[in-house]
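Peer 1: Structure, please.
(one chain, ligands or ions: 1)
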Amino acid sequence: MRYASGVGGAVQGRGGWNVHLDALRQRADGRDIIVLTVGDPDQAPPQRVISATIEALRSRRTGYSPILGVSEVRAAIAARVARRTAAPCAAENVAVVPGAQAGLFCTLRCLAGQGDEVIVPEPMYATYQAVVRGCGAQLVNVPLAPETGFHPDLGSLRDAVTRQTRAIWINSPHNPTGAVLMRSEIAGIAEICQQNDLWLVSDEVYEDLAYARDHVGPWSLPGLCERTVVISSLSKSYAIPGFRFGWIVGPAQFIANLFPLIVSMFYGAPPFIQAGVLPALTEELPEAAALRQDYQRRAMLVAGILGKAANCRVFPPEGGMFVVLDVRASGMSSEAFARKLLEQKEVAVLPCDSFGPSGRGLVRIALTCADARLREAAERIVSLAGQLK
Ligand SMILES: Cc1ncc(COP(=O)(O)O)c(C=O)c1O
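Peer 2: Predicted coordinates:
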C-alpha cells in the first residue's frame, strides 16, 4: 500500500528511542531498570484536580465541548495569561486543545505550508521536525552552543531568515537543555520577527519550571501580541500529561482561523477534563509548588553528582525537568553510551540525537523519580564514565 509522504519517519534519531523502548521491555521482564528517558512526571496530580474531574464525570460533562473550549476555561486561561504577563488577554485569544503537542501542530499548520521555512534553534524537542514536515514546510535549524549555555545567538537567527521564512519557534524553559531565555533575548528575537514580518511561536510547557530566572514569554513584550502565538499546558507542572489538556494563545483572528482545523482534527477537547483542571488554572495549588521544588532540587542533586563523571560535561539546567550530559569526550556516541548504561548499570537515559544535529553526543536524563533513586542513577553514570577509555 502507499502512504502519503512527509509524515512517516519524520521523527529523527530513532536509535535513541530504541534505548527507551528496550528499557521498558526489560523492566516489564522484571529487570530493575531506573528509567529516566521521557518527561513523564512521577508525582501525583493535585487532589483538587482529581476530585473536580471525578465530579465532572459524575455530573455528566461527557458531551461535546464547544470547539475552541468551554468558555469558563478559555476565560480562566486568558486571566492566567494576563496575570502572568501583565498584557491584555481575553477568551477570544484562547483555544483549548488536547495537550500542547496538538497545539503546536495546529499552530504550525495554520502558519506555515509548502515552500515556507520555520526557524528553530536546536537541539529542539523531538517532535518539532515532524510537526513542521507534517505541515509541508521546511525546518531551518540554528545550532545552540554549549558555550553559550545553549542560549541562542541572535546573529545566527537573523542570518537564517530568508524570503521563505514564516516563523521563529522558541521554547523556554528549553527541552532538552533547560535554558531559560532572558527578557533581552526574547526582545532581540522579537525584533527580528518585527523587522521581517514573522510570527513568533513560543512553546512554554515548562513555564512553571524556571529556576535561574523568572520565566518571560513574548506575550509580555509591548507590541508583540499581534505576531505571537503561545502554546502551553499543565502536563508537566501539574503532573497530568495523560489529561491531554493544553492551550494556544494568539491574536483573535488567528484563534478564529483555528476553528475549522480543530473541528476536523478533534472536534474540541474533552469537557470533563476542562472542568477538572479549572482549579489548577484559577488557584495556587500546593502540589504544583511542591513539584516545582522537586525538580529544582533534583536538578541540582543530579548535576552535582554528574560533575564527577570522567570525560563528561554536565550542564546544570536553568529550568525544566531534565539534565543534559555531554559524553563526546568519552569517545562514545550518545546512543552507545546510553546502551552501555542500560546494559551494564540498569539506568535508561535518552540519547539526544533525535533532538537535532547539535544533540549528537548529548544524553538527556529525566528527573522523574525520587531523590534516592536519582542519586543512585547518577552515581551509576559516574561509575560507567570512570570505566570508559
Ligand atoms: C518542549 C515540549 N513541548 C511540548 C510538549 C508536549 O506537551 P503536552 O504533553 O502538553 O502535549 C512537550 C512534552 O514533553 C515538550 O517537552
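Peer 1: residues in contact with the strand or helix carrying R74?
Peer 2: Element membership for R74, per DSSP states H and E: helix 71-85. Contact with helix 71-85 is made by 68-69, 87-91, 93-96, 207, 217, 219-220, 230, 247, 249, 274-275, 277-278, 281-282, as judged by C-beta atoms under 8 Å, 6 or more residues apart in numbering. For every residue, glycine as well, the C-beta is placed using N, CA and C.
Peer 1: what kind of secondary structure is I119 in?
Peer 2: Classification of I119 using DSSP: H, G, I helix; E, B strand; the rest coil returns strand.
Peer 1: doesn't T165 make contact with it?
Peer 2: Yes: assessed by C-beta atoms under 8 Å, I119 is found in contact with T165 at 6.1 Å.
Peer 1: More neighbours: these two, which one.
Peer 2: Higher neighbour count among I119 and T165: I119, with 26 against 21, using other C-beta atoms under 10 Å.
Peer 1: how much space is there between the more buried one and M1?
Peer 2: Here I119 is placed at a distance of 35 Å from M1 (C-beta to C-beta, to the nearest Å).
Peer 1: Could you do A280 as well?
Peer 2: Counting by C-beta to C-beta, the gap from A280 to M1 is 44 Å.
Peer 1: Longest helix in this protein, please.
Peer 2: Ranked by residue count and defined by DSSP state H, the top helix of the chain is helix 286-306.
Peer 1: how about it as PDB, C-alpha atoms only?
Peer 2: Extracted C-alpha coordinates of helix 286-306, given in PDB (Å, rounded to 0.1, in the frame of the first residue of the first chain):
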ATOM      1  CA  PRO A 286       0.200  23.300  46.900                       C
ATOM      2  CA  GLU A 287       1.100  20.200  44.900                       C
ATOM      3  CA  ALA A 288       2.300  22.400  42.000                       C
ATOM      4  CA  ALA A 289       4.600  24.300  44.200                       C
ATOM      5  CA  ALA A 290       6.000  21.100  45.700                       C
ATOM      6  CA  LEU A 291       6.500  19.600  42.200                       C
ATOM      7  CA  ARG A 292       8.400  22.700  41.100                       C
ATOM      8  CA  GLN A 293      10.700  22.400  44.200                       C
ATOM      9  CA  ASP A 294      11.200  18.700  43.500                       C
ATOM     10  CA  TYR A 295      12.600  19.400  40.000                       C
ATOM     11  CA  GLN A 296      14.800  22.200  41.100                       C
ATOM     12  CA  ARG A 297      16.200  20.200  44.000                       C
ATOM     13  CA  ARG A 298      16.600  17.100  41.800                       C
ATOM     14  CA  ALA A 299      18.400  19.100  39.100                       C
ATOM     15  CA  MET A 300      21.000  20.300  41.500                       C
ATOM     16  CA  LEU A 301      21.400  16.900  43.100                       C
ATOM     17  CA  VAL A 302      22.000  15.100  39.700                       C
ATOM     18  CA  ALA A 303      24.100  17.900  38.200                       C
ATOM     19  CA  GLY A 304      26.200  17.900  41.300                       C
ATOM     20  CA  ILE A 305      27.000  14.200  41.200                       C
ATOM     21  CA  LEU A 306      27.500  14.200  37.400                       C
END
